[in-house]
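Visitor: One predicted model, sequence on top.
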Amino acid sequence: MKIDYDLLVREAIKSLGCFYGPDTNSRYIYGSAVLTDKGNVYSASNYSSDTASLTLHAEQAALSHAASHNDARIVAIAMVGKEDPKGEKLCHPCGICKQLIWENSLKSGIKVKVVMANLKGRYTVKDIKKLVPYPWPD
Ligand SMILES: [Zn+2]
């Protein structure tokens, strides 16, 4: 499958506008978009809680969005964030999200591509296996 990384990054950036949370001016707003093996794209922003610990990360929400359409076999996942006011820093998935992406890859047998992007649309792509060198389960 040919992966349109530019499209996926654009969808992740667009999803920043769907942020749910108390502070829409927060630097901690993230967006994510997944491409499934059916060719569909599902995106989400983080779903923020006042408790912080209950916040759903954008990647978690995007994975759940795909699964809620019975379309959870992920080929690629992109993420962006507003942490860097200049919009230049590439957004990397946190440890929790890397674990979820890894588990998705393990279940589907697909080598999921992780697309770490910035707000200007620049990105780098790595296999999830490279980001989780000693995975559990394996
Ligand atoms: Zn995360």
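Guide: Yep, it's here.
Visitor: Which parts of this protein are helices?
Guide: Remark: helices assigned in the chain by DSSP state H are 5-15, 58-67, 95-108, 128-131.
Visitor: and the angle for the third one with helix 58-67?
Guide: It refers to helix 95-108. Going by axes from the mean of the first three to the mean of the last three Cα atoms, to 10 degrees, helix 95-108 is angled at 30 degrees with respect to helix 58-67.
Visitor: helices or strands up against helix 95-108?
Guide: helix 58-67, strand 74-81, helix 128-131 (3 or more Cβ pairs under 8 Å, 6 or more residues apart in numbering; DSSP states H and E). Heads up, the C-betas are built off the backbone N, CA and C, glycines and all.
Visitor: and the last one, does that touch the ion?
Guide: No: contact between helix 128-131 and the ion, assessed by Cβ under 5 Å from the ion, is absent, since the two come no nearer than 12.0 Å.
Visitor: which residues are contacting that helix?
Guide: Applying Cβ atoms under 8 Å, 6 or more residues apart in numbering, the contact partners of helix 128-131 are 93, 98, 101-102, 105, 111-114, 135.
Visitor: can you do 7 Å?
Guide: The contact list for helix 128-131, computed with Cβ atoms under 7 Å, 6 or more residues apart in numbering, reads 98, 101-102, 105, 111-112, 114.
Visitor: Pull up the residues of the chain that are close to the ion.
Guide: Contacts of the chain with the ion, taken as Cβ under 5 Å from the ion, map to 57, 94, 96-97.
Visitor: which of the helices and strands packed on helix 95-108 sits most buried?
Guide: strand 74-81 (a mean of 27; mean count of other Cβ atoms under 10 Å).
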